[in-house]
Each structure stands twice: as C-alpha cells, then as structure tokens.
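**Student:** here's my sequence, what's the structure:
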Amino acid sequence: MEPLATTFCPLESTEYSRNESLNETTLSSKYDYSYMSICLVICLLGLIGNGFLIWFLIFCIKRKPFTIYILHLAIADFMVLLCSSIIQLINIIHSQDIPQLAYPVVFMISGYNTGLHLLTAISVERCLSVLYPIWYQCRRPKHQSAVACALLWALSVLVSGLENFFCILKEKPRFPECRYVYIFSCTLTFLVFVPLMVFSNLVLFIQVCCNVKPRQPAKLYVIIMVTVILFLVFAMPMKVLLIIGYYSNSSDHTVWEPLPYLNLLSVINCSINPIVYFVVGSLRRKKSRKSLREALQKVFEEKAVVGSRETVAHFSLPS
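**Tutor:** Okay, the predicted model is just below:
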C-alpha cells in the first residue's frame, strides 16, 4: 500500500506549508504502516490457528463428512492469510506497489471464493440432513464430501483464474471479456451461493429454535450458523465493494477508500474460525478446563441424542 500524498493550498508562509505537508504525509505513512502491521499480526495468528486445525483434522480425528468440509475450509482460510501476509510484507519492505503483488492476489481471491463455496455446501448438506434425514442417510454417495470439495475448488480456481487473467493481471482490463467474467462471478455469488447459504441456515435456525425435545442444540448447527454469519458480516462487504468499484466511474478513487478496512475484516474472518470451534466446544464444561485439542474433539466427535430426528444423519455417515 503506497502512502498517500497530500497537497495543500498555498499559505502565507511557504516554509509553513512545506512543514505542514511533510507532517501530514508522515502521519499518513505511519497510519499505513500501522494498518499493515496490525493486518500482518492478525494474519500470523490466523495462520497458527488454522495450521493447528489442519494438523488436528488430518492426524488426530477420524474423517467424517463434516470434518472433510472443515478441513478444506481451513486450507482455504490458510491460503488467504498466507497470501495476505506476503502482500503486507512486500508493502512494508518496499513501501510501494510492485508487479509481484498480483500473483499473491490470484491465490487470495481463489481461497476467498473457495471459502464461500464450501460454507454453502456445508449449509446445504446439513439442511438436507434435517429436512430429509432417512433419504439423506440412504441415498448419500459414499465419497460425496471429497468429490464436492474437489469440484468447488475447481470452480473457484476457474472463476478466479478468469478474473485475474482478463481483469487483474493485465495493465488494462480486456473488454468485453472482463465484464462477462464479472457478470458470471456476480451471478454465482449473489444468485446461487449466497441465497443457498442463507436459506439453508434459516432452516437450521428454525430447527434449533423449534426443537420440541428438551435438550441443547447440537454444537454442529451452532458452528455452521455462527461461521456463516461471520462470513456474511466480515467477508462479503469486500466482495460487494470490488463489484461496486468495478462498475463505478474509473476516475472516482474515493470508492476504494474503505478497501483496507474491509480487507482487514476479511482477514479477521479467516482467522476467527478456529476460535469459534474452540469456544463452542468449550461450552457447558463447568467441572474442569480442557485443552484446545479436547475442545475440538468434543465438537467434531459430537453425536446426536438417541431418539432424536437427527440420529439417522449424525456424524458417523460414510465419508
């Protein structure tokens, strides 16, 4: 991020004007470096959290449909945080935009889109397990989670690759190809994935609130709803701003002013998921304090209560 230059109107004293301009530019530079430092610290903390989560899901727990999705979601968040860390380090060292920044952006956008796709798939699967539990258990393909993750990664790479090839990596975006790519991306995001995600979580929310059995809601449902809400609040505004900025007047740069703050929110969203899993796994444990590993095991190995409607679609489904 290049420090913003500031211009001033002529004052009575030229020397005073120079000093004011220098002070203002220095403050702006300090502000930019403060933002980049904060963003870098959050990225590093998020990398540690998601790295531990990836290690835990691979080596410390049995593979299940839900954990396969969470593993790929953690990998996507890790990719976003790693690319964002590289971008912030390059900006801090060089203090100016350089061409190499375009390549981390390619992978960051791909990880961002994959996170959106995976959250939608998680929400839709759990919604089906609630609405049609017997059908979902009997007809669900054995390797559906792995196949779905592979297809969603391929779709994300395809969309991100088209965006970057036609609109970002070129010095001048290619028209009309760039416009068609953005229309396709916006259609997928706002007419397919986001509506499916919201509708599925509304169904889960109704299921949790209207459950007639006197028991606490399954931690799985709580995790899905909280994660989706955080994504919509923290990550989606940046996608909306990118679309608004693309269709706005190219000479109006004020539309990009909120971008650093929205990027920081997106970084926070990628870093906070392991904390959500730990907090939910730590709920209602009054007798003793357990470790992070034990809290995650409590979440990902949780089973439905015997006799409840969800019993036929609990976590022991074939992966």
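
**Student:** helices of this structure, start to end?
**Tutor:** If DSSP state H is used as the criterion, the helices of the chain fall at 14-59, 65-94, 102-131, 133-139, 144-163, 177-187, 194-209, 219-230, 236-247, 259-281, 292-300.

**Student:** rank those helices by mean pLDDT and give me the bottom one.
**Tutor:** Ranked on mean pLDDT, the bottom entry among the helices of the chain is helix 14-59, at a mean of 70.

**Student:** how near is residue 176 to residue 182?
**Tutor:** Going from residue 176 to residue 182 by C-beta to C-beta, to the nearest Å gives 10 Å. All C-beta spots, glycine's among them, are computed from the backbone N, C-alpha and C.

**Student:** kindly report the same for residue 236.
**Tutor:** As defined by C-beta to C-beta, residue 236 lies at a distance of 16 Å from residue 182.

**Student:** TSV for the helices of the chain, including mean neighbour count?
**Tutor:** Formatted as TSV, the helices of the chain follow (neighbours: other C-beta atoms under 10 Å):
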stretch	mean neighbour count
helix 14-59	15
helix 65-94	21
helix 102-131	22
helix 133-139	13
helix 144-163	17
helix 177-187	16
helix 194-209	17
helix 219-230	19
helix 236-247	16
helix 259-281	20
helix 292-300	19
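
**Student:** so who does the nearest residue to residue 86 once chain neighbours are set aside touch?
**Tutor:** Distances taken as C-beta to C-beta, 6 or more residues apart in numbering put residue 104 closest to residue 86, at 4.7 Å, once the chain neighbours are dropped. Residue 104 is in contact with 83-84, 86-87, 90, counting by C-beta atoms under 8 Å, 6 or more residues apart in numbering.

**Student:** now, which of those residues sits nearest residue 231?
**Tutor:** Closest approach between the contacts of residue 104 and residue 231, by C-beta to C-beta: residue 84, at 16.0 Å.

**Student:** contacting residues around that closest one?
**Tutor:** Taking C-beta under 8 Å, 6+ apart, we find residue 84 in contact with 39, 43, 104, 108, 263, 267.

**Student:** which residue packs closest to the fifth one, ignoring adjacent ones?
**Tutor:** The spatially closest residue to residue 263, leaving aside those adjacent along the chain, is residue 238, at 6.1 Å (C-beta to C-beta, 6+ apart).

**Student:** likewise for the second one?
**Tutor:** Computed as C-beta to C-beta, 6+ apart, the closest residue to residue 43 that is not its neighbour in sequence is residue 85, at 4.2 Å.

**Student:** quick check: the gap between that neighbour and residue 238.
**Tutor:** In this view, residue 85 and residue 238 are 17 Å apart by C-beta to C-beta.

**Student:** same question for residue 197.
**Tutor:** Counting by C-beta to C-beta, the gap from residue 197 to residue 238 is 17 Å.

**Student:** next: residue 160.
**Tutor:** Counting by C-beta to C-beta, the gap from residue 160 to residue 238 is 14 Å.

**Student:** residue 241 against residue 258, yeah?
**Tutor:** Yes - using C-beta atoms under 8 Å, residue 241 is in contact with residue 258, at 6.2 Å.

**Student:** hmm, back to that, ok, the residue nearest to residue 263 - contacts?
**Tutor:** If you count contacts by C-beta under 8 Å, 6+ apart, residue 238 has them with 259, 262-263, 265-266.

**Student:** likewise residue 274?
**Tutor:** Counting by C-beta under 8 Å, 6+ apart, residue 274 touches 49-50, 52-53, 74.

**Student:** then residue 73?
**Tutor:** With contact set as C-beta under 8 Å, 6+ apart, residue 73 has these partners: 115, 118-119, 122, 273.

**Student:** which of these sits closest to residue 228?
**Tutor:** Distances from residue 228 to these, taken by C-beta to C-beta, are shortest for residue 119, at 5.6 Å.

**Student:** would you agree that closest one is in contact with residue 231?
**Tutor:** Yes - using C-beta under 8 Å, residue 119 is in contact with residue 231, at 5.7 Å.

**Student:** and residue 319, what pLDDT?
**Tutor:** For residue 319, the model assigns a pLDDT of 40.

**Student:** use 66 as the first number for this chain going forward.
**Tutor:** Let's use 66 as the start, then, which means that last one is residue 384.

**Student:** contacts for stretch 109-118, please.
**Tutor:** Under the criterion C-beta under 8 Å, 6+ apart, residues 135, 139-140, 142-143, 146-147, 150, 332, 335-340, 342, 357, 361 lie in contact with stretch 109-118.

**Student:** got phi/psi on residue 126?
**Tutor:** Torsion angles at residue 126 (phi, psi; degrees, to the nearest 10) stand at phi -150, psi 150.
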